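# Build me a model:
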Amino acid sequence: MSGVKTIWECNSPDSLLDLSARYCITHLDTLVTSDKEEEGSLHLPMEIGEKLFQMAQEEGVDMDDKLAETFRNLTRICRASLRESSITDRGIKYLLRHRLKELDIHNCAALTVRTLTNINKYSSSLVSLCIGNSVQILPDYLQPEGTFSDSEEEDGRDGNIYERQGFIINAPKLRRLCVRDLFINRGPLFFDLFLKPLPELSHLDLSGAFHNQGMGDFGWLLNVEQLVSLTLHNVQDVEDSLNTLCRLPNLHHLDISQCNESRGHFKQPTHFMETLVKSLPKLQSLDISGTNLAGTGSERMVTDGVQCDIVGLAGRVNNPLEFLGLYKTHNEASSRQHIPAKSISGDSCEAQILLAGHRYLDRPTVLENILNDLFHVFRYETCQNLKKALDILLLAMERHNHEKHIQISGSASLYYVVKSESLKREWNVKVKRKILGTLLNGMLTHKEDPTMMRNGCLTLCQFQIPADVLFDYERLVKILLHIVSEHTSEENNFIQRAGIFLLNSLACQVDGKQKMLVGGLGAMEKMLLIITDKLQQGVCDDVMETAWSTMWNVTDETPVNCERFLNGGGMYLFLKCKERFPEKADLLRNMMGLLGNVAEVPALRHKLMTKEFVEEFAFLLDSCSDGIEVSYNAAGVLAHMASDGPNAWTIKHPERDHVLFRMARAINRWDLRSGRNINYRSFSPIIRLARVSHTPECQLWAVWALANLTTVTPEKYCQLVVQEGGHIMVEDMLNENSDQVKTSLNRVKELAKTVRSNVLSWEDQGELHLEFDG
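Numbering: from 1, shown residues only. Just a heads-up that it's a prediction; the model follows:
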């Protein structure tokens, strides 16, 4: 299997060609001119055209009719692979006019028999053709007499058009032909007519072919006597093919494997094998997986002193096969010791299973079994070749995105693989992104399946969130929002918990652009719905607490999300949660942190200015819940509300002066060395409050915050103070000759001196490190 695709690649930057192709294929307006007079003025070399086509596949861009038409005049291509495409007969005709050398079409449900007509029309250069699953372009019967119609346009034409024209596929240079799951209803001469016009054919794959009237003795294969590779995987009546197969002496590779147990039972397995091996002297690769052709295992044959545990292959003990397929053979043939083959696919050990995985990537039914076998290897932590295992898992999931069982089995194994610390040391950014991108593809396709969502969440928890997923941030947010809002039943409780935990992690430590994206995708509304449901159930669990935490993170310096919170009835839910669960310290901290973000938005503060809300905030000033966090956040909300001045305090009760007195009293009780459960990305709102000279209580809260944070975590927050000009503000406050920042409270000045001292000590420590480094 040379040239097998792999997910492992070096970590070097993408080439300029790749970067340019990726941009162009995701911004098609760069390639298309709206001016009819200039149409066709841009023409790209074939190498560029094929790179664009390849990049469309890698980026998951649907190769639809519009994109195919873009390629019509823009460039030339000689090979096209269309998988999971919405392209129609019209679109593929644009591509066929390029006189392709290679064409691979798989799961293109919109194609009809008209495409076969166009393939024949433009097939003069075609050397490789693959017609995969869910592609219905071939006729399913031949009718010697009467009327045959493949489409409405042909309705009423006399006779069978294929017999009359003498071919089904007319490609004189065709050397490789693959047709999967071909179903023929009637017409005993179908395969003769199918193959006879293809004299140059050297590789034929008819996996899954079925003829309602039987396959006969496979004599139609003699129309292509030059075959060197023949695949008849899961084809009916293969036992009747022996005489014909023996008349194809050029065969190097033969696959007669089965995944249907009854088909895999041969009446005379040893005779079949002995006759086949003697008649095919050039045979190097043989696949008999899923059959009884390896015998019972009780027979032994010794040839020239060499034992052979598969009697039918005794003739090859001195000339072993390069490859032998024994996956799921009857009587556990792959576990035997003396097998005349250099490499074996099977199910008796890890190496055999991994080889089977690589060879059978295009066989979903077999692949599902292989992934189940691999899961058991991973589960008991016995896998020796994790790199190759990861390769198979991702390639299988990537190639069969719509096969739910493959996605579930693959993602279950993926969880165990990505947990490996040794593997994590070997993968790079590109491999990591490949893992995450493939996993998200499966999760989005099967988002209603709870097992897939569970596997996906468990695997995602093994990565650094949000750093590892920023490249695919939007898709992950979408799937997590779906999880937390749709997988809410009792049996799916873990899935919802994992989803909301991941969503909260995604919203933390990202910039405003990502926070706006999360809000724009409906996060605030979905979190409020979750909280409403929990209130109705009378339950305060980690899901509810994390929903508030997520909103706290998403509203940080993001006014539009703060507004969404208020418009969604967030303040009502705040009061109800506090009333219903007054002893829940984490809940209270998360709610007050969120309200602190809302209070930082000047345009929204008036919505907080109600008697009910302000009384609640003032009451929480004296709270000892969660250390000082609740009291601290309550004071922060009130400080921002008071910073707008007396005229903005539009309520009579509680009075502004009384609230400010209680706020100052609470702040002065706090221990300056209190550890904090908070993460500031910016001090801008705090520094603005520190400049509010008309209300020194606002300054007290702001400067206390700076003094506390630079005392407790100087290595993190001293730098932030300097970056945002906080140290200059402090100097102005302490400078009696400056009119920039004034304060009437001595305690504020004392705290300002603490901030200055902390920053200077941090700067001195930095200079010391520089000296040692030097």
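# Which residue comes closest to residue 568 once chain neighbours are left out?
residue 528 (4.5 Å; Cβ to Cβ, 6 or more residues apart in numbering). Glycine gets a C-beta too; all of them are placed from N, C-alpha and C.
# which residues touch the one you found?
551, 565, 568-570, 573 (Cβ atoms under 8 Å, 6 or more residues apart in numbering).
# Just say helix, strand or coil for it.
The assignment at residue 528 comes out as helix when based on DSSP: H, G, I helix; E, B strand; the rest coil.
# Next: the one 4 residues further on.
Under the three-state scheme (three-state DSSP), the conformation of residue 532 reads as helix.
# Quick check: it touching residue 577?
No - counting by Cβ atoms under 8 Å, residue 577 is not a contact partner of residue 532; they are 10.2 Å apart.
# which one of the two has more residues nearby?
Using other Cβ atoms under 10 Å, the more surrounded residue of residue 532 and residue 577 is residue 577, with 22 against 16.
# Please enumerate the strands of the stretch 51-200 of the chain.
79-83, 102-106, 128-131, 176-179, 183-184 (DSSP state E, counting those that start in this stretch).
# Those strands: which one's closest to residue 250?
When the strands of the stretch 51-200 of the chain are compared by Cβ to Cβ, strand 176-179 sits nearest residue 250, at 14.9 Å.
# Now that closest one: buried residues?
176-179 (16 or more other Cβ atoms under 10 Å).
# Nearest residue to the residue most central in space within the chain in space, please, no chain neighbours.
Centroid-nearest residue in the chain: residue 440, 2.4 Å away (criterion: Cα atoms, centre = their mean). Distance criterion Cβ to Cβ, 6+ apart; nearest residue to residue 440, sequence neighbours excluded, is residue 475 at 5.2 Å.
# So which residues make contact with the helix or strand harbouring the one you found?
Using DSSP states H and E, residue 475 sits in helix 473-486. Helix 473-486 is contacted from outside by 440, 443-444, 447-448, 453, 456-457, 460, 466, 469, 495-496, 498-500, 502-503, 506, 510, 514, 517-518, 521-523, 526, 529-530, 547, using Cβ under 8 Å, 6+ apart.
# just the angle between the helix or strand just after it and helix 473-486, please?
Once the chain leaves helix 473-486, the next helix or strand it forms, by DSSP H and E, is helix 493-507. Here helix 493-507 points in a direction 150 degrees away from that of helix 473-486 (axes from the mean of the first three to the mean of the last three Cα atoms, to 10 degrees).
# List the buried residues for helix 493-507?
Buried, per 16+ other Cβ under 10 Å, within helix 493-507: 495-507.
# go on, stretch 453-465?
453-460, 462-463, 465.
# can you list those residues in JSON lines and add pLDDT and secondary structure?
Below are those laid out as JSON lines (pLDDT from 0 to 100; DSSP: H, G, I helix; E, B strand; the rest coil):
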{"residue": "453", "pLDDT": "97", "secondary structure": "helix"}
{"residue": "454", "pLDDT": "96", "secondary structure": "helix"}
{"residue": "455", "pLDDT": "97", "secondary structure": "helix"}
{"residue": "456", "pLDDT": "97", "secondary structure": "helix"}
{"residue": "457", "pLDDT": "96", "secondary structure": "helix"}
{"residue": "458", "pLDDT": "96", "secondary structure": "helix"}
{"residue": "459", "pLDDT": "96", "secondary structure": "helix"}
{"residue": "460", "pLDDT": "96", "secondary structure": "helix"}
{"residue": "462", "pLDDT": "93", "secondary structure": "coil"}
{"residue": "463", "pLDDT": "94", "secondary structure": "coil"}
{"residue": "465", "pLDDT": "92", "secondary structure": "coil"}
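# wait, what's in contact with residue 109?
So, once contact is read as Cβ under 8 Å, 6+ apart, residue 109 ends up touching 134-136.
# scratch that, residue 337 is what I was asking about
Residue 337 neighbours (Cβ under 8 Å, 6+ apart): residue 309.
# That one and residue 300, how far apart?
Using Cβ to Cβ, to the nearest Å, we find residue 337 at a distance of 11 Å from residue 300.
# hey, what's in contact with both of these two?
Common contacts of residue 337 and residue 300 (Cβ under 8 Å, 6+ apart): residue 309.
# so residue 243 sits right up against residue 217, yeah?
Yes - using Cβ under 8 Å, residue 243 is in contact with residue 217, at 6.4 Å.
# Most neighbours out of the contacts of residue 109, which is it?
Going by other Cβ under 10 Å, residue 135 tops those with 21 neighbours.
# got a pLDDT number for residue 304?
At residue 304, the predicted lDDT confidence score is 69.
# ugh, wrong one, residue 493
Looking at residue 493, its pLDDT reads 89.
# Poorly predicted segments of this protein, please.
For the chain, residues meeting the criterion pLDDT under 70 lie at 1-4, 33-41, 143-159, 303-304, 766-774.
# quick one, strands of it?
For the chain, strands defined by DSSP state E occupy the ranges 79-83, 102-106, 128-131, 176-179, 183-184, 203-205, 210-211, 229-231, 253-255, 285-287, 301-303, 306-308, 321-325, 341-345.
# What's the separation between residue 493 and residue 539?
Taking Cβ to Cβ, one finds residue 493 at 11 Å from residue 539.
# swap that for residue 568, sorry
Separation of residue 568 from residue 539 (Cβ to Cβ): 20 Å.
# now swap in residue 112 and tell me
55 Å.
# Those two: which has the busier surroundings?
More crowded of residue 112 and residue 539, by other Cβ under 10 Å: residue 112, with 15 against 12.
# The more buried one - nearest residue in space that isn't next to it in sequence?
residue 89 (5.7 Å).
# ok, now residue 488?
residue 496 (5.7 Å).
# which residues touch the one you found?
Per Cβ under 8 Å, 6+ apart, neighbours of residue 496: 483-484, 487-488, 543.
# Export those residues to a markdown table and append columns for distance to residue 79 and neighbour count.
Converted to a markdown table, those look like this (distance: Cβ to Cβ, whole Å; neighbours: other Cβ atoms under 10 Å):
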| residue | distance to residue 79 | neighbour count |
| --- | --- | --- |
| 483 | 39 | 26 |
| 484 | 44 | 27 |
| 487 | 42 | 23 |
| 488 | 47 | 15 |
| 543 | 51 | 20 |
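# Can you give me the separation between the residue lying closest to residue 555 once chain neighbours are set aside and residue 557?
The spatially closest residue to residue 555, leaving aside those adjacent along the chain, is residue 597, at 4.1 Å (Cβ to Cβ, 6+ apart). Distance, residue 597 to residue 557, by Cβ to Cβ: 7 Å.
# Residue 581 now?
28 Å.
# Same question for residue 430.
On the measure of Cβ to Cβ, residue 430 and residue 557 end up 33 Å apart.
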